[in-house]
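Asker: sharing a model prediction with you, sequence too.
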Amino acid sequence: MMPLTQKEANDLLSVISTDNSVIIFPPFVYLSEIAGLKDKTKIKLGAQDVFYKNKGAYTGEISPKILKNLGVDYVIIGHSERRRYFGETDEIINKKIRAALKNKLKVILCVGEDLSIRKKGQKAVEQFIGNQLKDDLKNVPRNSALIAAYEPIWAIGTGHNDTPADAVKISRFIKQLITKNYKLKTMVLYGGSVDGKNIIKFINHPEIDGALIGHASVDKKEVKKIISQI
(Lines give C-alpha, C1' and ligand atoms only; values in the text may rest on other atoms or scores of the structure.)
Protein backbone atom coordinates (compact mmCIF):
# COMPACT_ATOMS: atom_id res chain seq x y z
CA MET A 1 0.00 0.00 0.00
CA MET A 2 1.26 3.47 -0.90
CA PRO A 3 -0.75 6.19 0.91
CA LEU A 4 0.95 6.61 4.31
CA THR A 5 2.94 9.64 5.38
CA GLN A 6 5.96 9.22 7.67
CA LYS A 7 3.92 10.25 10.73
CA GLU A 8 1.14 7.80 9.87
CA ALA A 9 3.67 5.02 9.29
CA ASN A 10 5.32 5.64 12.67
CA ASP A 11 1.90 5.64 14.33
CA LEU A 12 1.07 2.25 12.85
CA LEU A 13 4.48 0.92 13.77
CA SER A 14 3.77 1.61 17.44
CA VAL A 15 0.87 -0.85 17.29
CA ILE A 16 2.77 -3.77 15.77
CA SER A 17 6.39 -3.35 16.87
CA THR A 18 6.13 -5.84 19.74
CA ASP A 19 4.57 -8.65 17.74
CA ASN A 20 7.04 -11.05 16.16
CA SER A 21 4.41 -12.73 13.96
CA VAL A 22 4.06 -9.60 11.81
CA ILE A 23 6.07 -8.55 8.77
CA ILE A 24 5.65 -4.95 7.63
CA PHE A 25 6.10 -3.79 4.04
CA PRO A 26 6.48 0.00 4.03
CA PRO A 27 7.15 2.13 0.94
CA PHE A 28 10.81 2.15 -0.10
CA VAL A 29 11.42 5.64 1.32
CA TYR A 30 10.72 4.43 4.88
CA LEU A 31 12.76 1.23 4.78
CA SER A 32 16.00 2.71 6.11
CA GLU A 33 14.40 4.37 9.14
CA ILE A 34 12.32 1.34 10.07
CA ALA A 35 15.29 -0.98 9.57
CA GLY A 36 17.07 1.05 12.24
CA LEU A 37 14.39 0.04 14.73
CA LYS A 38 14.69 -3.71 14.16
CA ASP A 39 17.13 -4.29 16.99
CA LYS A 40 14.80 -2.54 19.44
CA THR A 41 11.61 -4.30 18.34
CA LYS A 42 10.41 -7.69 17.16
CA ILE A 43 9.37 -6.52 13.71
CA LYS A 44 10.37 -8.24 10.51
CA LEU A 45 10.89 -5.97 7.54
CA GLY A 46 9.80 -6.52 3.95
CA ALA A 47 9.82 -4.60 0.67
CA GLN A 48 6.82 -4.22 -1.62
CA ASP A 49 8.82 -5.01 -4.74
CA VAL A 50 12.34 -5.63 -6.05
CA PHE A 51 14.21 -5.46 -9.37
CA TYR A 52 16.00 -8.43 -10.90
CA LYS A 53 19.44 -6.81 -11.33
CA ASN A 54 21.92 -5.83 -8.63
CA LYS A 55 23.40 -2.98 -10.65
CA GLY A 56 23.03 -1.14 -13.93
CA ALA A 57 21.23 1.81 -15.52
CA TYR A 58 17.70 1.05 -14.31
CA THR A 59 16.45 4.40 -13.02
CA GLY A 60 13.86 4.15 -10.28
CA GLU A 61 14.38 0.47 -9.52
CA ILE A 62 15.61 -1.04 -6.25
CA SER A 63 18.04 -3.95 -6.42
CA PRO A 64 17.91 -7.00 -4.14
CA LYS A 65 21.43 -6.17 -2.98
CA ILE A 66 20.35 -2.71 -1.81
CA LEU A 67 17.36 -4.17 0.03
CA LYS A 68 19.52 -6.77 1.75
CA ASN A 69 22.01 -4.11 2.81
CA LEU A 70 19.15 -2.05 4.26
CA GLY A 71 18.18 -4.92 6.53
CA VAL A 72 15.17 -6.12 4.57
CA ASP A 73 14.19 -9.75 5.28
CA TYR A 74 11.29 -10.36 2.89
CA VAL A 75 10.09 -9.13 -0.48
CA ILE A 76 6.67 -9.34 -2.16
CA ILE A 77 6.86 -10.42 -5.80
CA GLY A 78 4.03 -10.73 -8.32
CA HIS A 79 1.44 -8.78 -6.36
CA SER A 80 -1.83 -8.52 -8.30
CA GLU A 81 -1.48 -4.74 -8.55
CA ARG A 82 2.04 -5.05 -10.01
CA ARG A 83 0.72 -7.55 -12.56
CA ARG A 84 -2.33 -5.44 -13.43
CA TYR A 85 -1.12 -1.84 -13.34
CA PHE A 86 2.54 -2.25 -14.24
CA GLY A 87 2.27 -5.08 -16.73
CA GLU A 88 4.52 -7.48 -14.86
CA THR A 89 4.68 -10.77 -16.71
CA ASP A 90 5.46 -14.18 -15.28
CA GLU A 91 8.84 -13.95 -17.01
CA ILE A 92 9.70 -10.76 -15.11
CA ILE A 93 8.38 -12.23 -11.87
CA ASN A 94 10.54 -15.30 -12.36
CA LYS A 95 13.64 -13.13 -12.80
CA LYS A 96 12.80 -11.23 -9.63
CA ILE A 97 12.30 -14.39 -7.61
CA ARG A 98 15.63 -15.87 -8.66
CA ALA A 99 17.47 -12.60 -8.03
CA ALA A 100 15.88 -12.17 -4.60
CA LEU A 101 16.67 -15.72 -3.50
CA LYS A 102 20.25 -15.39 -4.77
CA ASN A 103 20.62 -12.39 -2.47
CA LYS A 104 19.21 -14.29 0.52
CA LEU A 105 15.88 -12.48 0.60
CA LYS A 106 12.78 -14.45 1.56
CA VAL A 107 10.18 -14.33 -1.21
CA ILE A 108 6.42 -13.95 -0.89
CA LEU A 109 5.03 -14.87 -4.30
CA CYS A 110 1.49 -13.71 -5.08
CA VAL A 111 -0.76 -15.73 -7.37
CA GLY A 112 -4.49 -15.65 -8.00
CA GLU A 113 -7.32 -15.50 -10.51
CA ASP A 114 -9.77 -12.86 -11.69
CA LEU A 115 -13.56 -13.20 -11.69
CA SER A 116 -13.79 -14.55 -15.24
CA ILE A 117 -11.63 -17.51 -14.23
CA ARG A 118 -13.41 -18.04 -10.93
CA LYS A 119 -16.79 -18.28 -12.67
CA LYS A 120 -15.51 -21.30 -14.63
CA GLY A 121 -15.05 -23.29 -11.43
CA GLN A 122 -12.32 -24.68 -9.23
CA LYS A 123 -10.61 -26.74 -11.95
CA ALA A 124 -10.17 -23.63 -14.04
CA VAL A 125 -8.77 -21.76 -11.05
CA GLU A 126 -6.32 -24.56 -10.32
CA GLN A 127 -5.20 -24.68 -13.94
CA PHE A 128 -4.69 -20.91 -14.06
CA ILE A 129 -2.72 -20.80 -10.82
CA GLY A 130 -0.79 -23.92 -11.78
CA ASN A 131 0.33 -22.17 -14.98
CA GLN A 132 1.34 -19.08 -13.00
CA LEU A 133 3.45 -21.18 -10.67
CA LYS A 134 5.00 -23.11 -13.55
CA ASP A 135 6.25 -19.89 -15.16
CA ASP A 136 7.03 -17.99 -11.95
CA LEU A 137 9.11 -20.82 -10.46
CA LYS A 138 11.01 -21.84 -13.58
CA ASN A 139 14.62 -22.71 -12.70
CA VAL A 140 14.15 -21.64 -9.08
CA PRO A 141 16.62 -23.64 -6.94
CA ARG A 142 14.96 -26.60 -5.26
CA ASN A 143 14.66 -26.53 -1.48
CA SER A 144 14.49 -22.72 -1.49
CA ALA A 145 12.29 -21.20 1.21
CA LEU A 146 9.29 -19.56 -0.44
CA ILE A 147 5.99 -18.22 0.85
CA ALA A 148 3.01 -18.18 -1.49
CA ALA A 149 0.17 -15.68 -1.13
CA TYR A 150 -3.18 -16.58 -2.66
CA GLU A 151 -4.87 -13.42 -3.95
CA PRO A 152 -8.31 -14.01 -5.45
CA ILE A 153 -8.27 -10.77 -7.44
CA TRP A 154 -12.04 -10.73 -7.79
CA ALA A 155 -12.38 -10.54 -3.98
CA ILE A 156 -10.12 -7.50 -3.52
CA GLY A 157 -12.08 -4.26 -3.11
CA THR A 158 -14.90 -5.43 -5.39
CA GLY A 159 -17.72 -6.21 -2.99
CA HIS A 160 -17.45 -9.90 -3.84
CA ASN A 161 -16.37 -12.14 -0.98
CA ASP A 162 -14.42 -15.37 -1.03
CA THR A 163 -15.46 -18.04 1.45
CA PRO A 164 -13.03 -19.66 3.90
CA ALA A 165 -13.95 -23.07 2.45
CA ASP A 166 -12.95 -22.04 -1.09
CA ALA A 167 -9.81 -20.28 0.15
CA VAL A 168 -8.79 -23.43 2.00
CA LYS A 169 -9.24 -25.57 -1.14
CA ILE A 170 -7.05 -23.31 -3.27
CA SER A 171 -4.46 -22.80 -0.52
CA ARG A 172 -4.17 -26.57 -0.11
CA PHE A 173 -3.76 -26.95 -3.88
CA ILE A 174 -1.01 -24.31 -3.99
CA LYS A 175 0.89 -25.82 -1.07
CA GLN A 176 0.71 -29.36 -2.42
CA LEU A 177 1.72 -28.29 -5.93
CA ILE A 178 4.73 -26.28 -4.80
CA THR A 179 5.88 -28.98 -2.41
CA LYS A 180 5.47 -31.86 -4.85
CA ASN A 181 6.46 -30.34 -8.20
CA TYR A 182 9.07 -27.82 -7.14
CA LYS A 183 10.43 -29.36 -3.94
CA LEU A 184 10.23 -25.99 -2.18
CA LYS A 185 9.55 -25.40 1.48
CA THR A 186 6.45 -23.26 1.54
CA MET A 187 3.70 -21.63 3.55
CA VAL A 188 0.54 -20.13 2.08
CA LEU A 189 -0.96 -16.79 3.06
CA TYR A 190 -4.44 -15.60 2.13
CA GLY A 191 -4.84 -12.11 0.66
CA GLY A 192 -8.42 -11.36 -0.32
CA SER A 193 -9.64 -8.22 1.48
CA VAL A 194 -8.67 -9.48 4.93
CA ASP A 195 -9.64 -7.27 7.87
CA GLY A 196 -10.35 -7.43 11.58
CA LYS A 197 -13.82 -8.87 11.00
CA ASN A 198 -12.91 -11.83 8.85
CA ILE A 199 -9.26 -12.72 9.46
CA ILE A 200 -9.89 -15.44 12.01
CA LYS A 201 -12.32 -17.18 9.61
CA PHE A 202 -9.46 -17.65 7.16
CA ILE A 203 -6.39 -18.25 9.29
CA ASN A 204 -8.16 -20.68 11.63
CA HIS A 205 -7.37 -23.49 9.17
CA PRO A 206 -4.11 -25.47 8.93
CA GLU A 207 -4.00 -24.97 5.15
CA ILE A 208 -3.70 -21.18 5.59
CA ASP A 209 -0.58 -20.07 7.43
CA GLY A 210 -1.31 -16.36 7.68
CA ALA A 211 -2.66 -13.36 5.82
CA LEU A 212 -1.35 -10.78 3.37
CA ILE A 213 -3.27 -7.68 4.40
CA GLY A 214 -3.85 -4.79 2.01
CA HIS A 215 -6.18 -1.86 2.65
CA ALA A 216 -6.81 -2.72 6.31
CA SER A 217 -3.06 -2.53 7.00
CA VAL A 218 -3.09 1.28 6.85
CA ASP A 219 -5.97 1.65 9.31
CA LYS A 220 -4.72 1.72 12.90
CA LYS A 221 -8.02 0.47 14.36
CA GLU A 222 -8.13 -2.43 11.92
CA VAL A 223 -4.50 -3.30 12.64
CA LYS A 224 -5.24 -3.46 16.37
CA LYS A 225 -8.19 -5.80 15.72
CA ILE A 226 -6.08 -8.03 13.51
CA ILE A 227 -3.13 -8.14 15.93
CA SER A 228 -5.45 -9.15 18.78
CA GLN A 229 -6.55 -12.25 16.86
CA ILE A 230 -3.28 -13.72 15.62
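Answerer: On my side now, so go ahead.
Asker: for the helix or strand encompassing residue 129, packing partners?
Answerer: Of the helices and strands defined by DSSP states H and E, residue 129 is found in helix 122-136. Using 3 or more C-beta pairs under 8 Å, 6 or more residues apart in numbering; DSSP states H and E as the contact criterion, the neighbours of helix 122-136 among helices and strands are helix 90-102, strand 106-111, helix 115-118, helix 164-182. Yep, even glycine has a C-beta here, placed from its N, CA and C like the rest.
Asker: which secondary structure elements does the third one contact?
Answerer: Helices and strands in packing contact with helix 115-118 are listed as helix 122-136; criterion 3+ C-beta pairs under 8 Å, 6+ apart.
Asker: need the mean per-residue confidence for the helix it packs on.
Answerer: Here helix 122-136 scores 97 as its mean pLDDT.
Asker: which residues of the protein fall in helices?
Answerer: 6-16, 31-35, 64-70, 80-85, 90-102, 115-118, 122-136, 164-182, 199-203, 220-227 (DSSP state H).
Asker: let me know the outermost residue of this structure.
Answerer: Farthest-out residue of the chain from its mean C-alpha position, per C-alpha atoms, centre = their mean: residue 57, at 27.2 Å.
Asker: for that residue, grab phi and psi.
Answerer: Note on residue 57: backbone dihedrals following degrees, to the nearest 10 are phi -90, psi 80.
Asker: returning to that earlier point: now the helices of the chain as a markdown table including distance to residue 214 and mean neighbour count?
Answerer: Formatted as a markdown table, those follow (distance: least, C-beta to C-beta, whole Å; neighbours: other C-beta atoms under 10 Å):
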| stretch | distance to residue 214 | mean neighbour count |
| --- | --- | --- |
| helix 6-16 | 14 | 15 |
| helix 31-35 | 19 | 17 |
| helix 64-70 | 21 | 19 |
| helix 80-85 | 9 | 16 |
| helix 90-102 | 19 | 20 |
| helix 115-118 | 17 | 15 |
| helix 122-136 | 19 | 16 |
| helix 164-182 | 15 | 17 |
| helix 199-203 | 12 | 19 |
| helix 220-227 | 11 | 17 |
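Asker: of all those, which one is nearest residue 145?
Answerer: helix 90-102 (8.3 Å; C-beta to C-beta).
Asker: name the residues that touch the closest one?
Answerer: With C-beta atoms under 8 Å, 6 or more residues apart in numbering as the test, helix 90-102 has contacts from 49-54, 64, 75, 77-78, 83, 107, 109, 132, 135-141, 144, 146.
Asker: measure residue 80 to residue 162 for me?
Answerer: Separation of residue 80 from residue 162 (C-beta to C-beta, to the nearest Å): 13 Å.
Asker: sorry, back to before: now the helices of the chain as JSON lines including distance to residue 157?
Answerer: What follows is the helices of the chain, written out as JSON lines (distance: least, C-beta to C-beta, whole Å):
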{"stretch": "helix 6-16", "distance to residue 157": "20"}
{"stretch": "helix 31-35", "distance to residue 157": "26"}
{"stretch": "helix 64-70", "distance to residue 157": "27"}
{"stretch": "helix 80-85", "distance to residue 157": "10"}
{"stretch": "helix 90-102", "distance to residue 157": "22"}
{"stretch": "helix 115-118", "distance to residue 157": "12"}
{"stretch": "helix 122-136", "distance to residue 157": "19"}
{"stretch": "helix 164-182", "distance to residue 157": "17"}
{"stretch": "helix 199-203", "distance to residue 157": "16"}
{"stretch": "helix 220-227", "distance to residue 157": "14"}
